[in-house]
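> I'll drop the sequence and a predicted model, then ask my questions.
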Amino acid sequence: MTTEIVGGGFLARYLRHHLTHGAPATILAAGVSDTTERLPERFHREAALVSETARRCRERGRLLVFLSSASTGLYGRRGEGREDTPAQPSSPYGRHKLAMERLVAESGARRLTLRLSHVVGPGQNPRQLLPSLAGQIRAGIVTVHRGASRDLIDVRHVTKVLDRLLARGVDDRTVNVASGTSVPAARIVTALETFLGRSAHWTFHDVPAETLAVSTRHMRALVPETAGFGFGPDYLHDLVRRYAGPTH
């Protein structure tokens, strides 16, 4: 049995072409991805997909890999986001993702839940963070969400973590997949301006301060190879150089 990937977005497409471990697993990389989403019908549609996918996995003895969120919407805006303490959702999106995690856990299927931080990579929707900010800078005016911070992680590293977890047979766990560093929005914009060689006019939108730190302790213990991913002060600049060019 080969690995099945459900979804058509940039993450699903990347996994389909770059995941190397052919485990008898179904990876659910579909559903609501916009952290500002509030429409109940979109949440209901994802719930139906999760329920049906979990049923199939249970009946066929397949591992269900559910890709959830390590955003502030699920963990809250402050403190440390840890898998082994109760989440404190701060948005409809976060409450929905936590409900989907519970649905998967109670489905009877073997499962592995990955809480992903903000994934960056090729072929992203132009409305997602990095391409959106880069496009605004090229246009000359950029909106900076003052108070916001984001933990950014390369889709290549998400894929490698998932590969290793599948190869090692990890299941019945919830694991954060993140860089472990939350970067202020202003710093992301500055890095993009430096790379693009342009200075845009900044307009500000104030949001409640976000100081969430996503714990990567479990990820690092399960996948020691993450020590070589380059997480740290230069990681943002690596992402910008790789994914903020004209072809992205």
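That came in fine, so what should we check first?
> What is the burial count for the residue nearest to F229 when sequence neighbours are not counted?
Take F229 and drop its neighbours on the chain: the residue closest to it by C-beta to C-beta, 6 or more residues apart in numbering is H157, 5.0 Å away. C-betas here are computed from N, CA, C, even on glycine. Using other C-beta atoms under 10 Å, H157 is surrounded by 23 other residues.
> before we move on, what SS does H157 have?
Under DSSP: H, G, I helix; E, B strand; the rest coil, H157 falls in the helix class.
> my read: it touches E225, true?
No. If you go by C-beta atoms under 8 Å, H157 and E225 don't touch, sitting 9.5 Å apart.
> Give me every residue in contact with stretch 99-115, excluding its own residues.
Residues outside stretch 99-115 that contact it (C-beta atoms under 8 Å, 6 or more residues apart in numbering): 25, 31, 46-47, 50-51, 54-55, 57-58, 61-70, 74, 81, 83, 158, 161-162, 165, 170-178, 214.
> if we can go back for a sec, ok, the residue nearest to F229 to R138 distance?
Separation of H157 from R138 (C-beta to C-beta, to the nearest Å): 27 Å.
> just checking, what packs against the lengthiest helix in the chain?
Ranked by residue count and defined by DSSP state H, the top helix of the chain is helix 40-60. Judged by 3 or more C-beta pairs under 8 Å, 6 or more residues apart in numbering; DSSP states H and E, helix 40-60 is in contact with strand 25-28, strand 63-69, helix 92-105.
> Switch those over to CSV; also include mean neighbour count.
Shown next, in CSV, are the helices and strands packed on helix 40-60 (neighbours: other C-beta atoms under 10 Å):
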stretch, mean neighbour count
strand 25-28, 24
strand 63-69, 25
helix 92-105, 19
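> which residues in the protein form strands?
Assigned by DSSP state E, the strands in the chain fall at 4-6, 25-28, 63-69, 80-81, 111-116, 118-120, 141-146, 149-150, 152-154, 173-177, 183-184, 201-206, 213-214.
> I appreciate the help and will end here.
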